[in-house]
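**Q** here is the input, now give the coordinates:
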Amino acid sequence: MAFLAFDYGRRRIGVAVGEPLTGSARGLVTLAGGSPPWPRIDALVAEWRPEGFVVGWPTQADGQATPLGPAIREFGAALEARFGKPVYWSDERLSSHLARDRSRPGRNDPGLDAHAAAVILEGWFLENAHDA
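**A** Next up is the predicted model:
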């Protein structure tokens, strides 16, 4: 049972895949942001056949949503409508910072945003181990 995770941004969208049984995830690819690249996302969903999606939810230090919040909610709603799978939200604070430790720039590295999506997914697995 796989889950796909997304670190959504205006310029880039990181994508990761993970298994709740092991609680681990790995970055797959960093996609161009702006409007979601649905053909690429369609292909990833067809390949991995996820049970659901986890989308990183950014908050400010006071717990309030960041200005990107509405666009991220719209993306999550579009994922759910397009694929008929549940979308879960996970706090993404510090995900980019933690992702730097995983990043190995080179030909096969999926990019910092993909690693951040993996950190987001692993955090969600930890918080929801009894539900996943």
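
**Q** please compute how far stretch 64-78 lies from its chain's middle.
**A** The chain centroid and the centroid of stretch 64-78 are separated by 13 Å under Cα atoms, centre = their mean, to the nearest Å.

**Q** what residues does it touch?
**A** Residues outside stretch 64-78 that contact it (Cβ atoms under 8 Å, 6 or more residues apart in numbering) are 6, 8-10, 36, 53, 55-60, 87, 89. No exception for glycine: its C-beta is placed from N, CA and C like everyone else's.

**Q** quick check: residue 50 vs residue 10, distance?
**A** Distance of residue 50 to residue 10, computed by Cβ to Cβ, to the nearest Å: 24 Å.

**Q** again with residue 60
**A** Taking Cβ to Cβ, one finds residue 60 at 17 Å from residue 10.

**Q** low-confidence stretches in this structure?
**A** For the chain, the stretches flagged by pLDDT under 70 are 93-107, 130-132.

**Q** can you map out the helices along it?
**A** Under the criterion DSSP state H, the chain contains helices at 38-48, 69-83, 95-99, 112-127.

**Q** including mean neighbour count and distance to residue 15, could the ones you listed go into TSV?
**A** Listed next are those as TSV, based on neighbours: other Cβ atoms under 10 Å; distance: least, Cβ to Cβ, whole Å:
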stretch	mean neighbour count	distance to residue 15
helix 38-48	13	6
helix 69-83	15	11
helix 95-99	19	13
helix 112-127	25	6
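
**Q** export the ones you listed to a markdown table and append columns for distance to residue 28.
**A** Converted to a markdown table, those look like this (distance: least, Cβ to Cβ, whole Å):
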| stretch | distance to residue 28 |
| --- | --- |
| helix 38-48 | 7 |
| helix 69-83 | 15 |
| helix 95-99 | 13 |
| helix 112-127 | 6 |
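
**Q** any idea how far residue 69 is from the residue sitting furthest away from the middle of the chain?
**A** In the chain, counting by Cα atoms, centre = their mean, residue 62 sits farthest out from the average C-alpha position, at 22.7 Å. Distance of residue 62 to residue 69, computed by Cβ to Cβ: 13 Å.

**Q** next one: residue 19
**A** Shown here: residue 19 relative to residue 69, a distance of 29 Å by Cβ to Cβ.

**Q** now swap in residue 40 and tell me
**A** 24 Å.
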